[in-house]
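A.B. asks: With the sequence up front, the predicted model follows.
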Amino acid sequence: MAGPLEQFEIKTIMPLEVAGIDVSLTNSSAFMIAIVVVASLFLTLGARPAALVPGRWQLMVELCYDFVAKMLNDTAGSGSRKFFPLIFTIFMFVLTANLMGMVPYTFTVTSHIAVTFALAFFLLALITVVGFAKHGLGFLKLFVPSGVPFVMYFIITPIELISYLSRPISLSVRLFANMMAGHTMLKVFGGFVVSLGALGILPFVFIIALTGLEFVVALLQAYVFSILTCIYLNDALHLH
């Protein structure tokens, strides 16, 4: 029986090398393409009817749109509306990736730190650029809180700087760790069911409960990843 961590193994589907660089199609990259396609179809086909009285599909699309719009407005203010396409795209990508990973025999791309860190690093780099574009060098005031005694700046400023630079790490590890831990537990209990045979009813009950919990975690982690991005964006826009 395959070990609980083998489900996270990256496998090459189509070997490809360009200018000495390995750009092979792997199960991870293939599922990321599938995630984009599925999310795009869900949004496009769900919004196409645009009925006055929305059906279930259109209602789900509108709920996703309104949910992200309200989250962005509440956390980063009305001036952040131009960043809605970015936040909405990130939310739908992470949500679709998490939910697709719950389907048997699929691959959970958000269970890999390389994927989640790439997303987090890109977002924080973009937010930093936005901060400097809006405030210039005044953006550095984010690391120098006002009203603090001068001597304390030698302690607080390094702490604020380290805290800011560690945001991509905390943002990515939170998502990766939760998805990896949940899928590992499901695999472990699944192994108990097979090995115990008729006595595996108790682990099977745990699997049902854990599966429901994993769906909640998949939704919650997409929300947490997105709302923290909105909070970081609010810091860059308003220097809070």
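C.D. replies: Cool, got the structure.
A.B. asks: Give me the distance between the residue nearest in space to the middle of the chain and Ile10.
C.D. replies: Computing the C-alpha centroid of the chain and ranking residues by C-alpha atoms, centre = their mean puts Val94 first, at 4.2 Å. Distance, Val94 to Ile10, by C-beta to C-beta, to the nearest Å: 19 Å. For glycine as for every other residue, the C-beta is placed from the backbone atoms N, C-alpha and C.
A.B. asks: who does the stretch of helix or strand Met92 belongs to touch, helix- and strand-wise?
C.D. replies: For Met92, the host element (DSSP states H and E) is helix 84-100. The helices and strands touching helix 84-100, judged by 3 or more C-beta pairs under 8 Å, 6 or more residues apart in numbering; DSSP states H and E, are helix 27-47, helix 56-76, helix 113-135, helix 201-238.
A.B. asks: what angle sits between the second one and helix 201-238?
C.D. replies: Okay, so that is helix 56-76. 50 degrees (axes from the mean of the first three to the mean of the last three C-alpha atoms, to 10 degrees).
A.B. asks: Touching helix 56-76 from outside, list them.
C.D. replies: Taking contacts as C-beta atoms under 8 Å, 6 or more residues apart in numbering, the residues outside helix 56-76 that touch it are 42-43, 45-47, 49-51, 54, 80-81, 83-84, 87-88, 91-92, 223, 226-227, 230-231, 233-234, 237.
A.B. asks: hmm, back to that, for Leu99, which of the helices and strands packed on helix 84-100 is the nearest?
C.D. replies: For the helices and strands packed on helix 84-100, proximity to Leu99 was assessed by C-beta to C-beta; helix 201-238 is nearest, at 5.5 Å.
A.B. asks: Point out the other helices and strands that that closest one packs with.
C.D. replies: Counting by 3+ C-beta pairs under 8 Å, 6+ apart, helix 201-238 packs on helix 56-76, helix 84-100, helix 113-135, helix 167-196.
A.B. asks: Quick check on Ser146: phi, psi?
C.D. replies: The phi and psi values for Ser146, taken as degrees, to the nearest 10, are phi -80, psi 160.
A.B. asks: How confident was the prediction at it?
C.D. replies: The score at Ser146 is 78. That number is its pLDDT.
A.B. asks: now Leu25
C.D. replies: Leu25 is given a pLDDT of 88.
A.B. asks: Is Lys141 in contact with Asp235, as I believe?
C.D. replies: No. Shown here, Lys141 and Asp235 do not form a contact pair, counting by C-beta atoms under 8 Å, at 11.0 Å.
A.B. asks: Name the residue in the two with the higher neighbour count.
C.D. replies: Using other C-beta atoms under 10 Å as the criterion, Lys141 and Asp235 rank with Asp235 on top: 16 against 11.
A.B. asks: Once you drop chain neighbours, what's closest to the more buried one?
C.D. replies: Leaving aside its sequence neighbours, Asp235 sits nearest to Leu142 (C-beta to C-beta, 6 or more residues apart in numbering; 6.3 Å).
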